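In: Mind folding the following:
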Amino acid sequence: MYAVLKDHRCKESREAVENSLKVAVHKCAASIGYDIPTAAISESKEHSCKPVTLLLTPRLDKSVYNELLAGLEKMRSTNFDYKLYDYCNGEREVNVLDKPQTKICQAADLVRRYMSKNNSGLCDGSVYKKIAESEYTYVFCSSVEEYLNNSLGNPTMADGITQHLSQLISLLSNPACRLIKPIDIDYNFMEVLPKGTCFDIERKTFVKNPANLCGSPRAFVIYHYKEGVTPYPKKFVEGIKNSFPEYAEQMRFYKKYYQILLVGKFPMKEKELLLVGKPDSGKTSWFSPFEGIIPSKYISGVVRDGRFAGSMINNRTQVVFMDEWTSDSLSCEDAKRILQETQSPDEVSL
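Out: Numbers count the residues shown, from 1 in each chain. Below you'll find the predicted structure:
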């Protein structure tokens, strides 16, 4: 909120935020017994600004909506005066367009309704579709271009979007586009069977219809959970015991292996998982389970006989996978920067 308002074109909005910040700093300093000279805050006391008009639209994500309301309440205590129009709750005080007015927006709205009817949606510039066996999970379906071209088989879609097809493909293929509200992915959950059952990664437990699920679980796994029965992947456990005879070593592997699932929460400077062994001893096979959870486009790394490029990693990369890394495929300096100085994505070296 502060980042948006401080750069706003409206002078009154900028001044209101700047003065609010000064009051907040003064209150914070006073709470820890630090006295700020009166001259430093005199401007905020003497200055008077008009209320800033804020509008919350119905397409605002629920989690963001709640954070904004909490933040605004705190800002009010620092002399930040605002007039709020909460359109999320049906207020109509501000003239908000209920229907798209421009041709391209009308075409995009037609695409949105078509996707909703067919249990599809946008995510990261691609089209995702809800799995029939799942209650919540959407997975990659196709590119926007392929999806829209296939939709032209529907007469209504063909009549409504053909003239704007190229522009729609360009807009909706951009991950940053919000012309159609994208599907949110909750990386803390994976859905399993029976329908509606999710595995909570942070809590390490199965939950039926989790109340704190925000969007689609990150993956759908065909696993039948039985309440009261602790899962025991026998072959996996036997493989761990065979590879790591010492119990303490097994526990270290389990911890590092599980950390690969912590998207965006991997601790800074934390040691990554590194497996060392003879060729063809099964090291790479340990990564296979994650390929059923993490889409291939979010996995970057060095593979056998391959070269590494920094451009392979972006802010949506979930795992950096390095298979038989050598100084020829990745320089020591690049390896140090990736493995030591990044917090997200998470890394695994095999």
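In: Number of residues surrounding the closest residue to residue 130 other than its chain neighbours?
Out: Ranked by C-beta to C-beta, 6 or more residues apart in numbering and with sequence neighbours excluded, the top spatial neighbour of residue 130 is residue 119, at 4.0 Å. Using the backbone N, CA and C atoms, a C-beta is placed for each residue, glycine as well. A count of nearby residues for residue 119, using other C-beta atoms under 10 Å, gives 13.
In: try residue 70
Out: Residues within reach of residue 70, counting by other C-beta under 10 Å, total 10.
In: Confirm that it lies within a helix, as I assumed.
Out: Yes. With the criterion set as DSSP: H, G, I helix; E, B strand; the rest coil, the secondary structure at residue 70 is a helix.
In: And the pLDDT for it?
Out: The model reports residue 70 with a pLDDT of 75.
In: how near is the residue positioned nearest the centre of the chain to residue 240?
Out: Using C-alpha atoms, centre = their mean, the residue of the chain that lies closest to the mean C-alpha position is residue 185, 5.8 Å off. Taking C-beta to C-beta, to the nearest Å as the criterion, residue 185 is separated from residue 240 by 29 Å.
In: and what of residue 29?
Out: Going from residue 29 to residue 240 by C-beta to C-beta gives 53 Å.
In: Setting the sequence-adjacent residues aside, check what's closest to residue 293.
Out: Distances taken as C-beta to C-beta, 6+ apart place residue 219 nearest to residue 293, at 4.5 Å, with adjacent residues excluded.
In: phi, psi of residue 110?
Out: The phi and psi torsions at residue 110 (degrees, to the nearest 10) take the values phi -70, psi -40.
In: check contacts around it.
Out: When the contact criterion is C-beta atoms under 8 Å, 6 or more residues apart in numbering, the partners of residue 110 are 156, 157, 160, 161.
In: who has more neighbours, residue 29 and residue 240?
Out: Applying other C-beta under 10 Å to residue 29 and residue 240 shows that residue 240 carries more neighbours, namely 17 against 14.
In: quick one, what contacts the residue nearest to residue 319 when sequence neighbours are not counted?
Out: Residue nearest to residue 319 in three dimensions, not counting chain neighbours: residue 299, with 5.2 Å by C-beta to C-beta, 6+ apart. With C-beta under 8 Å, 6+ apart as the criterion, the residues that contact residue 299 are 290, 291, 317, 318, 319, 321.
In: Pull the number of nearby residues for the closest residue in space to residue 298 that isn't next to it in sequence.
Out: Of all residues beyond its chain neighbours, the one nearest residue 298 is residue 318 (4.3 Å), with distances taken as C-beta to C-beta, 6+ apart. Per other C-beta under 10 Å, the neighbour tally for residue 318 reads 23.
In: how is the chain carved up into domains?
Out: Domain assignment for the chain, taken from automatic domain parsing, gives 2-89, 103-172, 185-224, 234-349.
In: Quick one: list the elements packing against the top helix by length along the chain.
Out: Using DSSP state H to assign secondary structure, the helix with the most residues in the chain is helix 11-31. Contact here means 3 or more C-beta pairs under 8 Å, 6 or more residues apart in numbering; DSSP states H and E; on that basis helix 11-31 packs against helix 2-6, helix 38-46, strand 52-56.
In: For it, list the C-alpha coordinates in CSV.
Out: Below are the C-alpha coordinates for helix 11-31, written out as CSV (Å, rounded to 0.1, in the frame of the first residue of the first chain):
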residue,chain,number,x,y,z
LYS,A,11,0.1,15.2,-4.7
GLU,A,12,-2.3,15.0,-1.8
SER,A,13,-2.0,11.2,-1.7
ARG,A,14,1.8,11.4,-1.6
GLU,A,15,1.8,14.0,1.2
ALA,A,16,-0.7,12.1,3.2
VAL,A,17,1.4,9.0,3.1
GLU,A,18,4.7,10.9,3.9
ASN,A,19,3.1,12.6,6.9
SER,A,20,1.6,9.3,8.1
LEU,A,21,5.0,7.7,7.9
LYS,A,22,6.5,10.4,10.0
VAL,A,23,3.9,10.0,12.7
ALA,A,24,4.4,6.2,12.7
VAL,A,25,8.2,6.6,13.1
HIS,A,26,7.7,9.0,16.0
LYS,A,27,5.3,6.6,17.7
CYS,A,28,7.6,3.7,17.2
ALA,A,29,10.5,5.6,18.6
ALA,A,30,8.5,6.7,21.6
SER,A,31,7.5,3.1,22.3
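In: what about it, average pLDDT?
Out: Along helix 11-31, the predicted local confidence has a mean pLDDT of 71.
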